[in-house]
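**Q** Sequence first, predicted model second:
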Amino acid sequence: MNRDAFLAAVAVVVFCRWIGPAHALGSGEAGAPGGERVFFQEIPLVSGASRYEQKTSEAPASVTIVTADDIRRYGWRTIADALRSVKGFYTTYDRAWGYVGVRGFGRPGDFNTRILLLVDGYRVNNNVYDQAYVENGGIVDIDMVDRIEVISGPGSSLYGTNAFFAVVNVITKRGRDLKGADLSAEAASFGTYKGRASWGGRLPNGLEVLLSVSRLESEGQRLYFREYDDPATNNGVTERADGERAGNLLAKASFGDFALTAGYVSREKALPTGLYETVFNDSRSRIVDPRQLFANVKFERDLAEHSRIMVRAGYNTYRYEADYQYADHLVNDAGAGDWRRDERVFHGQRDPFEPALDEGARPVGRRLQPV
């Protein structure tokens with residue numbers, strides 16, 4: 001037997017042993033994850049893939065779910081931290097805004113316009129820059145997140161603008177998840193402090209309420225930039241020019257088929273890097289971005305078996321302010337947007353919003369023609 005034949009025989013033996021009882025389907029508790037016990041495992045649910053809740057095994061997309069347990073276990077403090085754990089995702093931070101890249105695509109200055117960010121299925125990219133905020137400017141405090149659904153790949157046919165690289169659906173906690181008051185305080189390096197007060201519960205009459213307020217303050221880091229290593233620019237070192245302040249508010253209420261959700265965020269950040277050719281290491285250069293509010297009312301009901309309707313109406317405001325300090329003058333910049341958003345989604349055999357077909361007629365595109 002020559003060497004090649006011997007190696008082939010060894011490969012066949014190893015393969016046969018690998019697919020033996022230890023890996024066979026129906027091998028019981030001793031089997032691998034592909035065994036019979038897989039059919040009895042709880043399959044996670046996802047609502048962002050098809051705009052209605054379904055099992056991840058039935059979703060027509062690649063879905064990754066980051067749970068509240070994951071966030072607590074790994075100590076993630078922003079949505080960006082959580083997204084870094086998703087295969088193919090990476091994040092960057094330029095001391096002003098945070099950016100998300102997918103599979104190597106992350107155009108500088110893109111402001112995350114190719115990522116659609118949802119809160120409980122509601123779009124929160126602003127209407128001025130189409131920006132999705134994932135750092136401390138995120139509109140939801142990370143402690144109020146129940147799970148993050150990441151639907152990779154294009155979703156514009158379902159969601160329209162922004163859903164190019166991925167859809168990130170942040171599902172917030174419910175009142176019943178808190179069961180009363182919840183207080184937290186944090187202290188971290190670089191003079192960073194955060195406090196949060198939350199209350200939630202479900203009343204005997206079925207009304208479910210959640211309210212959460214949080215505040216973060218940070219002195220920021222002492223940074224060194226080789227490009228500014230000159231005595232005229234403090235040898236490239238920033239001093240107390242990286243501070244940050246942010247506050248979040250989340251309010252939710254639900255009763256029967258109706259649900260109300262509102263969120264607010266305000267973030268102020270000093271710019272230590274000489275952004276847009278401003279003076280380096282000057283704390284007068286700063287942005288207030290975002291200052292954003294959203295509120296929406298949703299009605300959702302099962303009409304029949306495998307049929308469901310959802311109608312939602314919302315209102316949003318966005319404000320951006322900035323001071324850019326140059327050598328001989330200060331530039332003020334601002335942006336503002338206000339918009340309404342209405343949605344209606346039907347899942348089932350026939351959309352109740354579409355007119356019923358008359359007897360003796362058949363559909364042809366958008367028109368009806370006699371049989």
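**A** Here it is on my side, so go on.
**Q** and Tyr99, what are its bridge partners?
**A** For Tyr99, the beta-bridge assignment (DSSP bridges) gives partners Thr92.
**Q** Just the pLDDT for it.
**A** As predicted, Tyr99 sits at a pLDDT of 94.
**Q** That one against Asn112, yeah?
**A** Yes - the criterion here is CB atoms under 8 Å, and Tyr99 meets it with Asn112 at 6.2 Å. Placement of C-beta: from N, CA and C, glycine included.
**Q** So those two - more neighbours on which side?
**A** Asn112 (25 against 22; other CB atoms under 10 Å).
**Q** residues contacting the nearest residue to Ala241 once chain neighbours are set aside?
**A** Of all residues not flanking Ala241 in the chain, Pro272 sits nearest, at 3.9 Å (CB to CB, 6 or more residues apart in numbering). Contacts for Pro272 (CB atoms under 8 Å, 6 or more residues apart in numbering) come out as Arg95, Gly220, Leu223, Thr238, Ala241, Asp242, Phe280, Asn281, Ser283.
**Q** Of those residues, which pair is most distant in space?
**A** The distance between the two most remote of the contacts of Pro272 (CB to CB) is 14.7 Å, for Gly220 and Phe280.
**Q** And these two? Which one has more around it.
**A** Counted by other CB under 10 Å, Gly220 and Phe280 do not tie: Phe280 has more neighbours, with 23 against 19.
**Q** how much space between the residue lying closest to that one once chain neighbours are set aside and Gly195?
**A** Take Phe280 and drop its neighbours on the chain: the residue closest to it by CB to CB, 6+ apart is Gly274, 3.9 Å away. Taking CB to CB, to the nearest Å as the measure, Gly274 falls 32 Å from Gly195.
**Q** now swap in Gly88 and tell me
**A** 35 Å.
**Q** now Asn169
**A** On the measure of CB to CB, Asn169 and Gly195 end up 27 Å apart.
**Q** for Asp182, same thing?
**A** 12 Å.
**Q** Kindly report the same for Gly160.
**A** 38 Å.
**Q** next one: Arg147
**A** Going from Arg147 to Gly195 by CB to CB gives 24 Å.
**Q** So which of the two has more stuff around it?
**A** Counted by other CB under 10 Å, Arg147 and Gly195 do not tie: Arg147 has more neighbours, with 21 against 14.
**Q** Is the more buried one part of a helix or strand, or is it coil?
**A** The three-state assignment at Arg147 reads strand, by DSSP: H, G, I helix; E, B strand; the rest coil.
**Q** Tell me the helices and strands packed up against whichever strand or helix holds Val209.
**A** Using DSSP states H and E, Val209 falls within strand 208-218. Other helices and strands packing on strand 208-218, by 3 or more CB pairs under 8 Å, 6 or more residues apart in numbering; DSSP states H and E, are helix 175-178, strand 192-202, strand 244-255.
**Q** can you put those in TSV and add distance to Ile309?
**A** Formatted as TSV, the helices and strands packed on strand 208-218 follow (distance: least, CB to CB, whole Å):
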stretch	distance to Ile309
helix 175-178	24
strand 192-202	24
strand 244-255	17
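**Q** quick one: least confident helix or strand in the chain?
**A** The helix or strand of the chain with the poorest confidence is strand 367-370; it has a mean of 34 (mean pLDDT, DSSP states H and E).
**Q** by contact count, what packs against whichever strand or helix holds Ile65?
**A** Ile65 is located in strand 62-67, with elements delineated by DSSP H and E. Identification of packing neighbours for strand 62-67 by 3+ CB pairs under 8 Å, 6+ apart yields strand 145-152.
**Q** Next, the angle strand 62-67 makes with the strand it packs on.
**A** If you take axes from the mean of the first three to the mean of the last three CA atoms, to 10 degrees, strand 145-152 sits at 160 degrees to strand 62-67.
**Q** Strand 145-152 pairs with which strands, and in what direction?
**A** strand 62-67 (antiparallel), strand 166-172 (antiparallel).
**Q** Deepest in the core, which of these is it.
**A** strand 166-172 (a mean of 25; mean count of other CB atoms under 10 Å).
**Q** So what touches that one?
**A** 47-48, 79, 83, 89, 102, 115-121, 132, 140, 144-153, 155, 159, 210, 250, 252, 261.
**Q** what about 7 Å?
**A** The list of residues contacting strand 166-172 from outside it, by CB atoms under 7 Å, 6 or more residues apart in numbering, reads 47-48, 79, 102, 115-121, 140, 144-153, 155, 159, 250, 252.
**Q** Buried ones from these, can you make that a PyMOL selection?
**A** In PyMOL syntax, the buried subset of these is picked out as below (16 or more other CB atoms under 10 Å):
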select buried, resi 47+48+79+102+115+116+117+118+119+120+121+140+144+145+147+148+149+150+151+152+155+159+250+252
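**Q** how about Asn296, phi and psi?
**A** Main-chain torsions, Asn296, degrees, to the nearest 10: phi -150, psi 150.
**Q** Do I have it right that it meets Gly263?
**A** No - look at Asn296 against Gly263 with CB atoms under 7 Å: they stay out of range, at 9.6 Å.
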